[in-house]
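Engineer: below are the sequence and a predicted model for it; my questions follow.
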Amino acid sequence: MRPIDRIDAQILELLQKNARSSNKELAAHVGIAQSTCLERVRRMVSEGILRGFHAEVAPEALGIGIEALIAVQLSKHQREAVESFQEHTLSLAEVLALFHMAGENDFLVHVAVHDAAALRELAMTAFASRPEVVHLQTMLIFQHQSSHSLPVYCRFED
């Protein structure tokens, strides 16, 4: 993966604000030809710099009434236990994000479910029943907001 330059950084910032921006709009904004812009975007996709383009869906439209964070502690920090837990967790439809962390908890799992009964059932069957799990702590999310963008820090040689 080669380093990004100022123009790549501008394209990334624009796409993070609106992934539906047309190639024509991107090229005009950064001041390059449309063909050059398209080539740059394709290169950033192929190199894994741009990992995808996403749609944000309103949870309530899907019947989701509760989001929560579940802090998980494992009994062992062996590779097999960590990988087994990760694989299992990421296979669950209710899981929105999984964070492997340092500190008191080993994982933080962001989940979305229909109601409190579904959250309890998920916690009990999907997490508490796992042999590698020794402790859970569930925290309800009252409001969730995300910027959906990373800061683009680049140092350029002009």
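Structural biologist: Structure received.

Engineer: neighbours of residue 132, how many?
Structural biologist: Other residues lying near residue 132 total 18 when counted by other Cβ atoms under 10 Å. Every residue, glycine included, has its C-beta placed from N, CA and C.

Engineer: before we move on, what about residue 74?
Structural biologist: By other Cβ under 10 Å, the residues close to residue 74 number 19.

Engineer: what of residue 49?
Structural biologist: 16.

Engineer: over to the one 3 residues further on?
Structural biologist: Residues near residue 52, counting by other Cβ under 10 Å, number 6.

Engineer: same question for residue 32.
Structural biologist: The burial metric for residue 32, expressed as a neighbour count using other Cβ under 10 Å, is 17.

Engineer: now residue 39
Structural biologist: For residue 39, which is what you asked about, the neighbour count (other Cβ under 10 Å) is 12.

Engineer: tell me which element it is part of?
Structural biologist: Assigned by DSSP states H and E, residue 39 belongs to helix 34-46.

Engineer: same check, this time on residue 85
Structural biologist: Using DSSP H and E, residue 85 sits within helix 79-90.

Engineer: quick one: buried residues of that helix?
Structural biologist: Burial within helix 79-90, assessed by neighbour count using 16 or more other Cβ atoms under 10 Å, is assigned to 81, 82, 85, 89.

Engineer: and for stretch 137-154?
Structural biologist: Neighbour counts over stretch 137-154 (16+ other Cβ under 10 Å) mark residue 138 as buried.

Engineer: just the CA trace of it, in CSV.
Structural biologist: Output in CSV follows, covering the C-alpha atoms of stretch 137-154 (Å, rounded to 0.1, in the frame of the first residue of the first chain):
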residue,chain,number,x,y,z
GLN,A,137,-21.8,-6.7,32.0
THR,A,138,-24.6,-5.3,29.8
MET,A,139,-25.0,-1.5,29.4
LEU,A,140,-28.1,-0.1,27.6
ILE,A,141,-27.4,2.6,25.0
PHE,A,142,-29.9,5.5,25.3
GLN,A,143,-28.6,7.3,22.2
HIS,A,144,-26.1,6.4,19.5
GLN,A,145,-24.4,8.9,17.3
SER,A,146,-21.4,8.4,15.0
SER,A,147,-19.4,10.6,12.8
HIS,A,148,-18.7,7.8,10.3
SER,A,149,-15.4,9.3,9.4
LEU,A,150,-11.8,9.0,10.3
PRO,A,151,-9.5,12.0,10.5
VAL,A,152,-7.3,12.1,7.4
TYR,A,153,-3.9,13.1,8.7
CYS,A,154,-1.3,13.4,5.9
